[in-house]
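Asks: need coordinates for the below:
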Amino acid sequence: MACACKNKRQTYEVVPNAGKANRPAFTSSSRGTAEAVADRYPTSVVRDKKTGDAVYHAWPKGAYEVVAGDTVILPAHTVRNDADKGPLRAAADEHAADGAVVRAVDSGAVVYPLPAALTASGATLTAEQAPTPA
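Replies: Numbers count the residues shown, from 1 in each chain. Got it, this is the predicted structure:
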């Protein structure tokens, strides 16, 4: 007998190559697990299986900086875990009006915010829409 929760459970897929791969490399019902797996593969994306929208762009271990155009807002920081991403996200969010993004120092790949990362990588996926405040 099939599980009654099958259609209600949210499932996430890790898709390599900025979501351009034909099939997912990994599937999980845990978003955190899917994000951890995605971080092992540069340019991979986590997408919601039901909607097909991207919910996360991988941040492999390495050095990242926050930039707005040619201006460096926050110099290179090493990212080893999720806690290391906090100051980078905060700086990018604070300067969002200036078009600030987080990018890898070595490759220049944009990883945050998600819409900018998807655009820069040439992904055909769209970013998950944030819920509107009530």
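Asks: hmm, residue 57 and residue 41 touching each other?
Replies: No: counting by Cβ atoms under 8 Å, residue 41 does not reach residue 57; the two are 11.2 Å apart. Just so you know, the C-beta spots here come from the backbone N, C-alpha and C atoms, and that holds for glycine as well.
Asks: report the separation between the closest residue to residue 27 other than its chain neighbours and residue 34.
Replies: Closest residue to residue 27 apart from its sequence neighbours, by Cβ to Cβ, 6 or more residues apart in numbering: residue 13 at 5.1 Å. For residue 13, the distance to residue 34 equals 7 Å [Cβ to Cβ, to the nearest Å].
Asks: hey, what's in contact with both of these two?
Replies: Here residue 13 and residue 34 have 26, 27, 46 as joint contacts, going by Cβ atoms under 8 Å, 6 or more residues apart in numbering.
Asks: top of these by number of neighbours, please.
Replies: residue 46 (28 neighbours; other Cβ atoms under 10 Å).
Asks: for this structure, which segments count as strands?
Replies: With DSSP state E as the criterion, the chain has strands at 12-15, 26-28, 45-48, 54-57, 62-68, 71-79, 101-104, 110-112.
Asks: make CSV from those strands and add distance to residue 87 and mean pLDDT to it.
Replies: Shown next, in CSV, are those (distance: least, Cβ to Cβ, whole Å; pLDDT from 0 to 100):
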stretch, distance to residue 87, mean pLDDT
strand 12-15, 25, 94
strand 26-28, 27, 95
strand 45-48, 22, 92
strand 54-57, 18, 91
strand 62-68, 9, 95
strand 71-79, 7, 93
strand 101-104, 10, 94
strand 110-112, 12, 91
